[in-house]
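J.: next input, structure requested:
(one chain, ligands or ions: 1)
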Amino acid sequence: MKKIIGYIILLVLVCFLIPILGVKRFENLAVASNTLVENQIIEKSTQQKGELEEKQEKSEKQDRKITLLHYKTNQVEEISLDTYLYGVVSSEMPATFELEALKAQAVVARTYTMYKVNHRKHDNADICDNSACCQAWITKEDRMARWEEEVREQNWNKIVEAVDSTHGKIITYENEPINAFFHSNSGGMTEIPINVWGGSGYPYLQAVQTAGEEGYEQYYSEVTVTRSELENKIREKHSDFQIDWNASDCIKVLEYTQSNRVKTLKVGNLNLSGVEIRTLIGLKSANFEIEMSGNNIKFKVKGYGHGIGMSQTGADSMAKSGSNYEEIIKHFYQGIEIKDL
Ligand SMILES: [Zn+2]
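T.: Just a heads-up that it's a prediction; the model follows:
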């Protein structure tokens, strides 16, 4: 009987106490190993911090300066290229766009700037802050003031990340920075320069298709004018303009470009380019259809901008489908390389 009780006690010891001791030991081991991991993390973060500081110092040293002409005040400011680019990217593309699209915009803006440095328009500066002349730019203070308070910090940080993470990257063709045109929305297909400015010599600017742009507000717009409004607008530039509104072909598209924009439009006794009509009427692009009803002429417009080079909404749409900034750039500019300055 004593023997049996002895066995029961031994069994209890084996079943309960030994596992408890084991767990204790495991916990101790776990604590020790956690401490080790923490130490490693601290060491690593100190190391990373050191690397980051080094990187920042390096980038400050490497960051070139440009001269920026402030259009309104006529003052010329010397500014570091990346600081200038924060103001360009935040002015040219919504911060709500995907990070990879913003990175593509940063590289495009840096390239456009370097092109302007090599082909100066202004005697006293590399580039100006007038979007109609060179490239839009905004101060950090003005930019922040235009955002809602709760998104200010995160928006600005996103812009800074887009510029910093592509530091020094530019798009080159035959080792030269390209003339990196961009626009808001291509309406499904980009345009070649000859159909907009009549110029050529940019082999990297070809017409390419873009998917997903129809989801953006910039994709479609309408402008309606009356017959007399249209006549007045055209006569401002062409005093010999005449039109017989009873003729069935009084307004007719004669030719389209390969990207479906209006190349030539017959209006009364004139043949005008789609680009000129766009300017005269104030349409968002030269990709339009005309609908006439009674006294009204309705222009149904696809896309926003000249259509050359990178479409910003197209870039955002590609980024949403998983493309990175290099893939986006290589889609919109042909035969190019992305290189360090
Ligand atoms: Zn300018």
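
J.: direction included, what does whichever helix or strand V301 is part of pair up with?
T.: If you go by DSSP states H and E, V301 is part of strand 296-302. For strand 296-302, the pairing partners within the sheet under DSSP bridges are strand 220-226 (antiparallel), strand 288-293 (antiparallel).

J.: which residues touch the longest one?
T.: Contacts of strand 220-226 with the rest of the structure, by CB atoms under 8 Å, 6 or more residues apart in numbering, involve 214, 233, 281-284, 295-302, 304. Glycine gets a C-beta too; all of them are placed from N, C-alpha and C.

J.: how about a cut-off of 7 Å?
T.: Outside of strand 220-226, the residues within contact range by CB atoms under 7 Å, 6 or more residues apart in numbering are 281-284, 295-302.

J.: check whether stretch 121-133 comes near the ion.
T.: Yes. Using CB under 5 Å from the ion, stretch 121-133 reaches the ion at 128, 133.

J.: can you give me the buried ones in that stretch?
T.: If you call a residue buried by 16 or more other CB atoms under 10 Å, then stretch 121-133 has these buried ones: 122, 125-129.

J.: who's in contact with the most centrally placed residue in the chain?
T.: The centroid of the chain falls nearest to Q105 when counting by CA atoms, centre = their mean (3.7 Å). With contact set as CB under 7 Å, 6+ apart, Q105 has these partners: 89, 92-93, 162, 312, 315.

J.: helix, strand or coil for it?
T.: helix (DSSP: H, G, I helix; E, B strand; the rest coil).

J.: before we move on, back to that, now, the contacts of Q105 that are in helices?
T.: Among those, DSSP state H puts 89, 92, 162, 312, 315 in helices.

J.: okay if I get these as TSV plus neighbour count, distance to H183 and pLDDT?
T.: Below are the ones in helices among the contacts of Q105 laid out as TSV (neighbours: other CB atoms under 10 Å; distance: CB to CB, whole Å; pLDDT from 0 to 100):
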residue	neighbour count	distance to H183	pLDDT
V89	28	16	98
E92	22	11	95
A162	28	19	98
Q312	26	7	98
A315	29	11	98
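
J.: nearest to I194 among those residues?
T.: Distance to I194 across the ones in helices among the contacts of Q105 (CB to CB) is lowest for Q312, with 22.4 Å.

J.: who's in contact with that closest one?
T.: 93, 105, 182, 184.

J.: for the nearest residue to the last one once chain neighbours are set aside, grab phi and psi.
T.: Same thing as S184. Leaving out its chain neighbours, the residue that sits closest to S184 by CB to CB, 6 or more residues apart in numbering is Y304, at 4.0 Å. Y304 adopts backbone torsions of phi -150, psi 120, taken as degrees, to the nearest 10.

J.: is Y304 bridged to anything, and to what?
T.: Bridge pairing for Y304 - DSSP bridges - gives N185.

J.: that one touches N287, doesn't it?
T.: No. Applying CB atoms under 7 Å, one finds Y304 not in contact with N287, separated by 9.7 Å.

J.: ok, and the closest non-adjacent residue to Q209?
T.: That would be M189: by CB to CB, 6+ apart, it lies 5.2 Å from Q209.
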